[in-house]
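Trainee: sequence? don't have it. structure:
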């Protein structure tokens, strides 16, 4: 079957197996291999991409579901020569080791900061309404869908807090 | 001609005298921008043109024989290219540094989940579909042993002893006899094992997720029955290893077999479930600790006996009591290991094999002894530090364990620790715990090549970077030695066409490959000194300028043609004359929920002395990561086997609980104490990657005891177990 969508600002049209996940299409057909397959079951977050601005596990999406959607992958957030504020902070804080979960952490954090700004509450929030603080417990709770076996967690969160401050 | 240096005696601390000043500095990883932007290509990322997709099929009986693989059951699948099985298929990954093929069991099945066939198709979807449909017939054995405690094939080693344990134990004023169990663990690296195999004539190129390429090349060739010279392996980026990628795996062998047969590239990526099923796990353990001491806290007797398991025909047995054999001194020491043969996923090295689980037991037993004696747990440890290895009588090459304990107690606020159960904040009991950290240190034969032009330097070795920082530290060593800004050094790794290094494992990679790199660069310094007409000791290299003998010359003028040196290093007399290990102290503060038994780690501090630190930033990350692994082994990680079949019931990341962000406090601190290990290697370093986990979990569990009285003997200390232990303690 054929599906059309936009990835990193570029219109794309893909011919694919009906069973193909968005993750496999991004990686194997479009060559956007920054998005990683860590579990293929929505358990690790390595495949996180933005679909219409929201973070999703692309391994849990069939490509066929995304006609006309706008996707952003890690490649769309920055390049080695022009890193985003979050990407730079991950490098300076050593918020990664092997680097395999890193694209997912960064894409997820990009959307997470928007969710915080929009006032979406989390399990760690004291109240369901009002301004959400950017503290470590909020970041930890909201990033818990992204596993890191190297366990760079404290440094990932330092990087996120640092980038958020730079941006605001 | 490669120069091989043997580590026979202490070497000058050249890296303390060179002028660039960047060894040890907390520099960013040079590959960082690629990793954070998704441009670092891991094994499965490069999909060659015309590549076919392979999916492994697993056995669904615990033991027996495959009698038929019915290929007609999948012949209808569109795009099917073939079903591959036969005598060359491997049962499980090779053990670390095997250098030879893993077991190739033919039609035999030795555990539930063993890969028995590879289905290859034009698309991943078709291959996965066919792998699920494939009909396999078995002749299953009856009465299969899947439980180590029921195994009748116990292999017991003779005890390793020093002095007379029984007599010393009997003469002790206070004794302790406890049994602790630990659950089996999975490495669970984020990158599933993957291989892309491509043949050109008789030459095989394999892009793999592998930690030890020098060995992996031989293992792959041996598995396929070809010459190692026909094999090239590329692993420039590896998505975590932790021991799980030490040896060649079934995905690589199967991909190579299918690619040769089909005459086109084949990619095989293990599903996460297959990773759990077939990649070497850490054994479950049962550990009996017997400690005897005088009332003043002097240890007189220490015994650490363990029961571990593995599948038939595997030589590996988790060295559970490794640290117990050198950490504390006593008149009588005794260590006995028993290995049970079971039909379960085979066991092998997972981060800090031995210490990771052995120190959970030893360091809790020490805590229990301190309590029994009414002595501060820090004091008890300080009282019992030996000045040489008590089993071998070798002097320690360098140890600052006492300083680590004292400095850690000071920085953590240990003096504020309350008696058991006396600190309560709302619905939470709060407590503190301590544990020593120890991990033996090694130097493994390694080679590296350094090239210097007037414009900069290049390092080439088949060493890998599994997230450890090899790219960073090899660049720093070279830049330091040749007086270059680090940006002027390019580090090329993960290619078997480069000189063979130790690979990443056993915490020896940085020391071993780093020493080889250092020696190659040192040889270049010798040439530069000659050209400057000065002695080596007069030569100074800094920011691309050579100085010596009252002359000054830019390297761009001094080096007209490329200078190339290859060097190799191996262990020598110092490995016998001295005992080298990394030491440290872990401190933890936890809160335990009064009603649910939930444990929250609030903060941790690790104070460690691990020789010269090559990059303070990547070293810290390694240490932090290890401490979080300690948290996982203490509180959350547990592989569960189906008691009937041995099959793993917790074979994904939803059921095997590696720590997540919310489990890990932001307040995790690491302090490195300055140290040089002159006997370890020419650069005075020690291993870092595994010391962080060693003992960390015990500090947490000791804090749980201090908080709420719960002493959990079966780890992990999940809330149900903590609640039961609180009840038992009267809390």
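Mentor: Everything's here; your move. Since this is a predicted model, take the numbers as computed values, not measurements.

Trainee: residue contacts, the residue nearest the centre of chain A?
Mentor: Centroid check for chain A by C-alpha atoms, centre = their mean gives residue A:107 as the closest residue, at 2.4 Å. Neighbouring residues of residue A:107 by C-beta atoms under 8 Å, 6 or more residues apart in numbering or on different chains: A:35, A:48-50, A:55, A:72-74, A:77. C-betas here are computed from N, CA, C, even on glycine.

Trainee: Show the secondary-structure elements that the longest helix along chain B is packed against.
Mentor: With residue count as the measure and DSSP state H as the assignment, chain B has helix B:509-532 as its longest helix. Where contact means 3 or more C-beta pairs under 8 Å, 6 or more residues apart in numbering or on different chains; DSSP states H and E, helix B:509-532 is packed against strand B:3-7, strand B:446-453, strand B:456-460, helix B:470-482, strand B:545-548, helix B:555-558, strand B:563-571.

Trainee: got the angle for that helix vs strand B:446-453?
Mentor: 40 degrees (axes from the mean of the first three to the mean of the last three C-alpha atoms, to 10 degrees).

Trainee: which residues does the closest residue to chain A within the stretch 251-400 of chain B contact?
Mentor: Shortest the stretch 251-400 of chain B-to-chain A distance, computed as C-beta to the nearest C-beta: residue-wise this is residue B:272, at 4.2 Å. Neighbouring residues of residue B:272 by C-beta under 8 Å, 6+ apart: A:38-41, A:43-44, B:192, B:651-653.

Trainee: Among those residues, name the buried ones.
Mentor: By neighbour count, with 16 or more other C-beta atoms under 10 Å in any protein chain shown, these hold A:38-40, A:43-44, B:192, B:651-653 as buried.

Trainee: domain parsing for chain A?
Mentor: By the assignment in automatic domain parsing, chain A contains the domains A:2-77, A:85-167.

Trainee: what's the weakest-modelled helix or strand in chain B?
Mentor: strand B:155-156 (a mean of 86; mean pLDDT, DSSP states H and E).

Trainee: That one: what's the following helix or strand?
Mentor: Note on strand B:155-156: by DSSP states H and E, the next helix or strand toward the C-terminus is strand B:160-162.

Trainee: for stretch A:36-54, what is the average pLDDT?
Mentor: Stretch A:36-54 comes out with an average pLDDT of 98.

Trainee: Is it positioned near chain B?
Mentor: Yes. Contact of stretch A:36-54 with chain B (C-beta under 8 Å from any C-beta of the partner chain) involves A:36-41, A:43-44, A:46.

Trainee: For the chain, give me the ranges with low pLDDT.
Mentor: By default, I'm working from chain A. Flagging of chain A using pLDDT under 70 yields the residue ranges A:167-168.

Trainee: Wait, chain B was what I had in mind.
Mentor: B:1.

Trainee: Chain A: helices as residue ranges?
Mentor: Under DSSP H, chain A gives helices at A:22-24, A:74-77, A:85-93, A:102-117, A:136-142, A:153-167.

Trainee: List of residues touching the third one?
Mentor: This means helix A:85-93. Taking C-beta under 8 Å, 6+ apart as the rule, helix A:85-93 contacts A:77-78, A:83, A:95-96, A:102, A:105-106, A:109-110, A:155-156, A:158-160, A:162-163, A:166-167, B:28-29, B:32-33, B:36-37.

Trainee: residues near the residue lying closest to residue B:29 once chain neighbours are set aside, how many?
Mentor: Distances taken as C-beta to C-beta, 6 or more residues apart in numbering or on different chains place residue B:472 nearest to residue B:29, at 4.8 Å, with adjacent residues excluded. Neighbours of residue B:472 under the rule other C-beta atoms under 10 Å in any protein chain shown: 27.

Trainee: Now the residue of the stretch 201-350 of chain B found nearest chain A. Nearest residue, chain neighbours left out?
Mentor: Chain A sits closest to residue B:239 of the stretch 201-350 of chain B, with a gap of 3.0 Å, by C-beta to the nearest C-beta. Once flanking residues are discounted, residue B:239 sits nearest to residue B:191: 2.3 Å by C-beta to C-beta, 6+ apart.

Trainee: I appreciate the help and will end here.
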